[in-house]
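In: Coordinates for the following, if possible.
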Amino acid sequence: MRLAITVSLAKVNRKLLHITVEGQSLQDETTLLLEALADVPGIRVSNLRAQNGWGNPLLCNIREKKLTLPAKRFVLDYDLETTYTDCMGADRDVYLMYPFINDHEVFLGVGSVPVPTPLHEWVNDLQVQFQIKDVPTGWNVFSNGMQGQIEPTKLEGFFVYAAAGLTPNEHTYVTQKSVIVFNLVVQHGKTIPLHTYELWNMIERFMVWIESSVAPYRGQQDINI
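Out: From the prediction side, this is the model:
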């Protein structure tokens, strides 16, 4: 299966994110899980539409948080509305990180975009493209690798943060087998309860423990926090 996911920030002044998912599968129908469809206070999916690969309207069967699209090629798009203007964390009952939008920043994470279900059965046959567009002038996008071709497993735990004047604080750590670059961004107007050097020291101690007690690190080489 191939999925091309596009998140538009063109409507952030109305507290809306517009999300488009283009899909192509060998199956006659595809079922996607969209956690944002749950009855979550302050979050609403609206203007949901589906089309087949020829642009004709497609009857999308919605049951609880699952959407079933009876076509090998489809386009799904919707608005994601949020009343939140600051970080609210994640929901306790639904696998959703609360999106928030204010005059200075936008955040969205897992649960805001649909994923094949069950995802673990698709990861070996799934290709995912992820794009953020219509970013306000002067803003930058910071995420855990959510641009272009991405690993399908990232859909299980991703974040995208866009704000004006983002300047990541960078730290390099040399492992036994590679070099890791950590990039830290603190939310607009917020602070963290540690000095930056204390955070890097804590991370280095953890990496030393991983490599001495478990195995040499061979994972991601650019880690955004």
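
In: Within the sheet, what are the partner strands of the lowest-mean-pLDDT helix or strand in the chain, with directions?
Out: Sorting the helices and strands of the chain by mean pLDDT, DSSP states H and E puts strand 148-150 at the bottom, at a mean of 85. Strand 148-150 pairs in its sheet with strand 127-133 (antiparallel), by DSSP bridges.

In: contact partners of the partner strand?
Out: Where contact means C-beta atoms under 8 Å, 6 or more residues apart in numbering, the residues beyond strand 127-133 that reach it are 1-10, 141, 143, 146-152, 154-155, 160, 162. Using the backbone N, CA and C atoms, a C-beta is placed for each residue, glycine as well.

In: ok, 10 Å please
Out: Strand 127-133 is contacted by residues 1-10, 17-18, 20, 22, 24, 106, 108, 113, 115-116, 122, 141, 143, 145-155, 158, 160, 162 when judged by C-beta atoms under 10 Å, 6 or more residues apart in numbering.

In: quick one: strands adjacent to the helix or strand that the least confident helix or strand of the chain is followed by?
Out: As assigned by DSSP states H and E, the chain's next helix or strand after strand 148-150 is strand 159-164. When pairing is defined by DSSP bridges, strand 159-164 lines up against strand 105-109 (antiparallel), strand 139-143 (antiparallel).

In: now the first one: mean pLDDT?
Out: Per-residue pLDDT values across strand 105-109 average out to 96.

In: Keeping just the C-alphas, turn it into PDB.
Out: What follows is strand 105-109, C-alpha atoms only, in PDB (Å, rounded to 0.1, in the frame of the first residue of the first chain):
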ATOM      1  CA  GLU A 105       2.400  27.900  16.800                       C
ATOM      2  CA  VAL A 106       0.800  24.700  15.600                       C
ATOM      3  CA  PHE A 107       1.200  21.200  17.000                       C
ATOM      4  CA  LEU A 108      -0.200  17.900  15.900                       C
ATOM      5  CA  GLY A 109       0.800  14.300  16.600                       C
END
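
In: and the next element down the chain from it?
Out: strand 115-116.

In: Could you list every helix and strand in contact with that next one?
Out: strand 2-8, strand 30-33 (3 or more C-beta pairs under 10 Å, 6 or more residues apart in numbering; DSSP states H and E).

In: Any buried residues in the shortest one, and which?
Out: Pointing back at strand 30-33 there. Buried residues in strand 30-33, counting neighbours by 16 or more other C-beta atoms under 10 Å, are found at 30, 32-33.
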